[in-house]
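# predicted structure and sequence below. I'll ask about it afterward.
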Amino acid sequence: MAELTTTKLNAESHLLLDQPLLRIPFELSRKNMKTAQRYVERERDQILALLQSTAKDSLNSSSSSSSSSSSDSNLTLESLDSMISRMQGLKRKLEGLHEEEMRIHRASRARIAHLQDLFDVQSLVDVKYDEWSRIRLSRLLVDYLLRSDYSSSAAYLAAEKGIEDLVDVDAFVQCHKIEKSLREGHRTNEALAWCAENRQNLKKAGSALEFELRLQQYIELVRQGNTGGGYGSGGGDVGKLREATGHAKRYLASSGDMELLGRAAGLLAFEIGTEVEPYKSLYSDSRWDHLAHLFLTTHHTLYSLPSRPLLHIALSAGLSALKTPSCHSAYTSSSANASSSTTTVCPICSTELNELARNVPYAHHTKSIVENDPVVLPNGRIYGRERLNSYNEKVGTERGWVRDPVEGVGGERWREEQVRKVFIS
Amino acid sequence: MDDLNEHIELLEKKANLSKGIDDIQKTIDLLVTARAKVAAEPETAPMTLAKLQGPVEKSFDTAMNDLKKIYSGLGKYSKALDKKFKDKPLPTAENDALSSHPSLINRAIAMHLLREGQFSVASTFIEEANAHPPHPEPTPGTPNPYLEEAWEKDLVSGTFNSKQLQQQFAEMYHILHELRQQKNLAPAIAWARERSAVLEARGSNLEFELCQLQFVCLFSDGGMTDSDADGPLRAWAYARSEFGPFQHRYAREVQQLMGAMAYWQNIADSPYRRYFYNDSAWEEVATSFTREFCSLLGLSADSPLYIAATAGAIALPTLLKLQNIMKEKRTEWTTQNELPVEIPLPPSYHFHSIFVCPVSKEQSTDQNPPMMMPCGHVIAQESLDKLSKGARFKCPYCPGESHPRDAKKVFL
C-alpha cells in the first residue's frame, strides 16, 4: 500500500515539467548553427565561382592584348574588392551568430545549474525546496504568459524575479509574430521563411505546414483571379489564374495527393461567394485560423513544448491532489476555515482556485486523516482536543465551558462534560 | 546533470563559431594580400589569381570542418538530453479542466502577483489580459466553455476589482515592511485595533502580541544594564495607557509583564527572560499578522497558486505511472469524481481532515456524510444504512448496539 504522506524528494523523477527548459535552448543553438552553415556554404560557392571567373578573365585579357591592361587590372581589383567586402559581411554575420550562440549556452548552463540545485535537496519540507519551487512557479507563470501572448507581463515578471536566463521570451515573441501574421495579417511569407529555416526538422517530423501554406498561396491567387467577374462572365483576371496554375504545378503537384489536387483545380472554376463545398471552405477565412493553429502546434512540437501551458499541467495535477470533498461542501469544514485563527484557509477553498477546482476530481484517500485525540461537540463538530482547548483559552471562554471555533464567541457554549470522545479509524 | 554540464562546457569553450570566424578572417587575409599584389604588379594578376584559388577553397573547407565540430558537439549534447529525459515524456494534459476557464486562471494569476507584492507586474498583466481576453477551449471535462458564469466575466469585462485588492495588499506590505525593516509596530497595532472585535472573535492574540512586543521594546530601549530607568518607566506608562482592554482576557500575561518591572535592572537573569530575549519575536508577529490579514480577506496565508503548482509537481510522477498502467491494461478510470490513486504529499499539504469510512473505504461527501453511533464510532451514512437496514444493529467496531436514528451526523 502506498504511503499516506511523504517528504522524500526524488529529484530525478521530479523533473517532468522541466524538459522544455533545456530543449528550447538546444533547438535554438541547433538552428543558429544551421544558419551559420548556410551562410558559409552560400558564400563559399559564390566566392569560388567569382574567383574562378575573375582568374579566367584576367588570363584571357593578358594573353589577348596588353592595350587595355590597366582597365583589366582595375576590373580584377574591383572584383577582388567585392569579394573582400562579401567576406567581411559574412564575418559580421557569423560574429552576430556567435554572440547569440554564447548567449544560448550561458542560458543552458544557468538552467542546468538550476536543475542541479534540486538534486542537492533531499526533502520536500526543506526550505531550499520551497525556494526552488517558487522559482519554478515563476517559470511556469512566464511560460503561461508567453503562450497567452502577454509578453510584456512575461518579460516584466522574469526581470523582477531575475530569471531571464531561465525563460525564452524572444523565442515566443517570434512565434507569436508569425502566428499573428497568419491569423490577422493573412500573410504567408513570414511563416514560409520560418519553414525554410527549419526545413530539415520539419521534413523529419513529416509536417504538413509548408504544403498548407503553399495551398493557401494558391487559393489567394485564385481568389484574385476570380475577383471582379463571375463564372462565365469572363471578367476574371486570367493572368492571375494562370499564375495560380503555375504555382500549383511548382509547389503542390509533388504532394501526390490527387484528390486534393483535383479539388484545387476545381477551385479555378468557382467564384468567391460560392456555396458549393469543398470550395466554399477553401475560400473561407477560417482557413487562416487553421493555419495559425497549425503553425503553433508545429512550432511547439519542434521545440518539445507541450501543447498546453505547463502551468495547466501542474495545476490540474495539483488541484486534484489537494482537493477534498469538503472544499465544495455546503457545510463549513471544522479543520480548515477562515473563521478562526486556529485554522488556515485551504488553498482550494481560497477565492483564487475554488471555482477552477470545481471540475477536477478530488484526491483519493484510503485512510482517515484527523487530528490527534478527536472530540465531538454537541452540534456534531469534530476537533482535535488540543486545538479546541487552545481556541477556548485564547477567546477567554469561562472555565468549565467550551465554544465552537466555527461559531465563534457569539455562538452557543456547552459544559465541558458535554464534549465527547469520538473514534475515527 | 554533470554529464549535461560537460557537454555545454565543451560547446562553450571549443565547439563554437569563434574558430570558423578565424577561418573566415584568414580567407579575408588571403584576398587582401592578393589584392595588394595585383595592385602593385598588375602583370602578375593571372598568376596570383590562379594561385589564390587553391588556398581560398581550402580555407573555406577548414571553416566548414569547424562547423562540423559544432554539429557533432550538439549531436552529443542532444543524445545526453535524450538519455536524461528518456523516461520522462512530456506530460499530456488529458484531464485538463483548466483550458475551459482561462479567465479564472488569469484571475488567480493576478491575485497571486498582488499577494506576492508584485504590483507593477500585476497591473501590466491585468492591462494586457483586458486588452486581449483569452479564448476558452472546450475540454472533455467541461465540453461547453462558452456558458460563462458571472464570476468568470469579472476579469474579462474588467470589473475584477484589482484596485481594491491591490490597495489591501499594498497596505499589508507597508505594515510588514515597517515591522520587519523598521521595527515599527505602530501601523500594525493601528490595523489590529481597528479590527479588534473581529480578531477577538477569531481567537486571535495578534493585537495583544503586538502591544506586548511594543512594551518589551520600550522597556529595553533605555538599555537594560544601565541604571537609567527611563525605558522601564516608559514601558510602565505605555502599559497603564494601553493594557486596560487586555486586563480581562490576558490577565496572566499582563501580570507577568508587570512582574518583570521588579527585575528591570537584571532582566537577563530573571524568570522573565523569555519575554525580553526572544529573537524570533518579530518574525513571529509578522507571520501571524500575514495570516490574520489574509484570513480576514478569506484567503489562505500562502499563495494557493504556489501550493497547488508545487503539489502538482509532486503528484505528476504518480499520475504518469498511473497513466502508463492504464494504457497498458487498456482501462479507464471509472470514478470521474475521484482520482484513482493516492498521492503522497507532505503533511503540510493536508488542510482538511479526511474521513474514510472504515466499512466501505469511501470518503465521506455531502451526500454520504460521516455518522457517529452512540458508542462514539463513526461510519459513513451509506454503510450505516446497509448495516442496519433500518433496525437496531451492532457497531462493527465494538459490542455497542444502537438504532440508526440515534446516529448523529458529524462534521470534520
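Nice, thanks for sending it over.
# switch to C-alpha atoms for all contacts and neighbour counts from now on
OK.
# low pLDDT regions in the chain?
Since you didn't name a chain, this refers to chain A. A:1-5, A:63-71, A:228-236, A:256, A:338-339, A:341 (pLDDT under 70).
# that's the other chain; I wanted chain B
Screening chain B residue by residue with the criterion pLDDT under 70, one finds the ranges B:90-97, B:137-161, B:222-229, B:332-336.
# got the end-to-end distance for stretch A:416-425?
Between the opening and closing residues of stretch A:416-425 we find a distance of 24 Å, counting by CA to CA, to the nearest Å.
# the residue in the stretch 151-300 of chain A that chain B sits nearest to: neighbouring residues, count only.
The stretch 151-300 of chain A approaches chain B most closely through A:Ser153 (5.1 Å), counting by CA to the nearest CA. Applying other CA atoms under 10 Å in any protein chain shown, we find 24 residues neighbouring A:Ser153.
# please name the nearest non-neighbouring residue to B:Asp3.
Nearest residue to B:Asp3, sequence neighbours excluded (CA to CA, 6 or more residues apart in numbering or on different chains): B:Ala80, at 7.2 Å.
# quickly find the element holding that neighbour.
B:Ala80 belongs to helix B:45-84 when assigned by DSSP states H and E.
# buried ones in that helix?
In terms of neighbour count (16 or more other CA atoms under 10 Å in any protein chain shown), helix B:45-84 has its buried residues at B:45-46, B:48-50, B:52-53, B:56-57, B:59-64, B:66-67, B:69-71, B:73-74, B:77-78, B:80-81, B:84.
# which other residues reach the helix or strand just after that helix?
Toward the C-terminus, helix B:45-84 is succeeded by helix B:102-115 as the next helix or strand (DSSP H and E). Defining contact as CA atoms under 8 Å, 6 or more residues apart in numbering or on different chains, one finds that helix B:102-115 is touched by A:141, A:352-353, A:355-356, B:98, B:119, B:121-122, B:125-126, B:129, B:133-136, B:152-153, B:155-156, B:160, B:162, B:165-166, B:169, B:303-305.
# got the angle for the top helix by length along chain A vs helix B:45-84?
In chain A, assigned by DSSP state H, the helix with the most residues is helix A:69-119. Between helix A:69-119 and helix B:45-84, the angle formed by their directions is 10 degrees, by axes from the mean of the first three to the mean of the last three CA atoms, to 10 degrees.
# does the helix or strand following helix A:69-119 come close to chain B?
Tracing the chain past helix A:69-119, the next element assigned as helix or strand by DSSP H and E is helix A:127-147. Yes - shown here: helix A:127-147 in contact with chain B (CA under 8 Å from any CA of the partner chain) through A:133-134, A:137, A:141.
# got the angle for helix A:127-147 vs helix A:69-119?
Here helix A:127-147 runs at 130 degrees with respect to helix A:69-119, directions being taken by the same axes, to 10 degrees.
# please identify the buried residues of helix A:127-147?
Judged by neighbour count using 16+ other CA under 10 Å, the buried positions of helix A:127-147 are A:128-130, A:133-147.
# how about stretch A:181-196?
When burial is assessed from 16+ other CA under 10 Å, stretch A:181-196 yields the following buried residues: A:181-183, A:186-188, A:191-192, A:194-195.
# that stretch near chain B anywhere?
No - in terms of CA under 8 Å from any CA, no part of stretch A:181-196 sits within range of chain B; the closest distance is 13.6 Å.
# ok, back up a step: and the host helix or strand of the residue of the stretch 151-300 of chain A closest to chain B, C-alpha only, in PDB?
According to DSSP H and E, A:Ser153 maps onto helix A:151-161. Coordinates of each C-alpha in helix A:151-161 appear next as PDB, following Å, rounded to 0.1, in the frame of the first residue of the first chain:
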ATOM      1  CA  SER A 151       4.700  39.200 -23.500                       C
ATOM      2  CA  SER A 152       5.200  42.500 -21.700                       C
ATOM      3  CA  SER A 153       3.900  40.900 -18.400                       C
ATOM      4  CA  ALA A 154       6.100  37.900 -19.100                       C
ATOM      5  CA  ALA A 155       9.300  39.900 -19.600                       C
ATOM      6  CA  TYR A 156       8.500  42.100 -16.700                       C
ATOM      7  CA  LEU A 157       7.900  39.200 -14.300                       C
ATOM      8  CA  ALA A 158      11.100  37.500 -15.500                       C
ATOM      9  CA  ALA A 159      13.100  40.600 -14.900                       C
ATOM     10  CA  GLU A 160      11.500  41.200 -11.400                       C
ATOM     11  CA  LYS A 161      12.300  37.600 -10.400                       C
END
